[in-house]
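Trainee: My questions concern the predicted model and sequence given below.
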Amino acid sequence: MVEEQLRARGIQSPAVLAVMGTVPRHYFVDPALPDDAYSDRPLPIGFEQTISQPYMVALMTELLNLQGTEQVLEVGTGSGYQTAVLAELTGSIVSLERIPELAMQAKERLARLGYRNVEVITGDGVQGYLPQAPYDRILVTAGATIVPPALYTQLKEGGVLVIPVGDRQQQTLLAVERHSKGWTQREICGCVFVPLIGEAPHP
Ligand code: SAH
């Protein structure tokens, strides 16, 4: 997976490649699909949700440019796999998942694997999570139609927000940086995520 799907496609960060080589992805997928765990595609995790393709996990993680001490907000815990990858690379993570069963399963898996710097919370990520804001990094792993305003404001100055934005069929992965005078935004690539639910109507 690391050589053929990640390094060959341009993932360069030694830290990201190393972590993707060690976090056991098969713990996070349906035990009936062990042979598929490292395949080059998203996989179903129940409740009409998916665990993202390994390349997308690596790309988003690389864009966050984690140094080891950041406070990170993740929206869309899903299986918890991306959360585990982040937990290996940073200080502490709050991960929000709207489906209680998925949140519970992810919490148990992450605890069993020994991650102590992760808090999985059942809640609506469109609102962010004020009790621990602001964040050095925010990662959204569901497709939004706009960047939720709460996430802009809960990002620290100098912080980075990675989020897929578009319509239901396809999105563009954005890397947003907050500066002293506002935000700048880079378009990274096209992508397809399950929808971010519960967005406020467009102003
Ligand atoms: N990163 C995950 C993939 C998640 S799929 C993994 O590695 O497995 C997207 C997840 O976002 C789904 O579990 C979905 O339930 C969740 N989601 C969608 N809208 C949400 C919202 N408003 N708040 C929190 N979670 C949300």
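Mentor: Cool, got the structure. Residues are numbered from 1 along each chain as shown.
Trainee: And for the one helix or strand Val165 maps to, what's in contact with it?
Mentor: Secondary structure assigned from DSSP states H and E places Val165 in strand 155-166. Outside strand 155-166, the residues that touch it by Cβ atoms under 8 Å, 6 or more residues apart in numbering are 60, 63-65, 134-147, 151-152, 171-180, 183, 191, 193. Every C-beta, even on glycine, is put in place using the N, C-alpha and C of the backbone.
Trainee: Narrow these to just the buried residues.
Mentor: By neighbour count, with 16 or more other Cβ atoms under 10 Å, these hold 60, 63-64, 134-144, 147, 151, 171, 173-176, 178, 191, 193 as buried.
Trainee: so what does the longest helix seen in the chain touch, helix or strand wise?
Mentor: Assignment by DSSP state H gives helix 100-112 as the longest helix of the chain. The contact analysis (3 or more Cβ pairs under 8 Å, 6 or more residues apart in numbering; DSSP states H and E) places helix 100-112 against strand 43-46, helix 81-89, strand 92-97, strand 118-122.
Trainee: which SS state does Tyr55 fall under?
Mentor: helix (DSSP: H, G, I helix; E, B strand; the rest coil).
Trainee: Spatially, what comes nearest to it if we skip its sequence neighbours?
Mentor: Gln5 (5.3 Å; Cβ to Cβ, 6 or more residues apart in numbering).
Trainee: gap between that neighbour and the ligand?
Mentor: 15 Å (Cβ to the nearest ligand atom, to the nearest Å).
Trainee: can you tell me which residues contact Thr141?
Mentor: Contacts for Thr141 (Cβ under 8 Å, 6+ apart) come out as Ser52, Met60, Glu74, Val75, Gly76, Gly78, Gln82, Pro164, Phe193.
Trainee: should've said Met104
Mentor: Contacts of Met104 (Cβ under 8 Å, 6+ apart): Thr122.
Trainee: hmm, who's touching the host helix or strand of Arg186?
Mentor: Using DSSP H and E, Arg186 falls within strand 182-191. Residues from elsewhere that reach strand 182-191 (Cβ under 8 Å, 6+ apart): 56, 59, 63, 143, 152, 155, 164, 170-177.
Trainee: So which of the residues you listed belong to strands?
Mentor: Within those, residues falling in strands by DSSP state E are Leu155, Pro164, Gln171, Thr172, Leu173, Leu174, Ala175, Val176, Glu177.
Trainee: In CSV, list those residues along with distance to the ligand and pLDDT.
Mentor: CSV is the format used below for the ones in strands among the contacts of strand 182-191 (distance: Cβ to the nearest ligand atom, whole Å; pLDDT from 0 to 100):
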residue, distance to the ligand, pLDDT
Leu155, 17, 98
Pro164, 10, 98
Gln171, 12, 98
Thr172, 17, 98
Leu173, 13, 98
Leu174, 16, 98
Ala175, 17, 98
Val176, 18, 98
Glu177, 22, 98
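Trainee: Alright, I will stop here.
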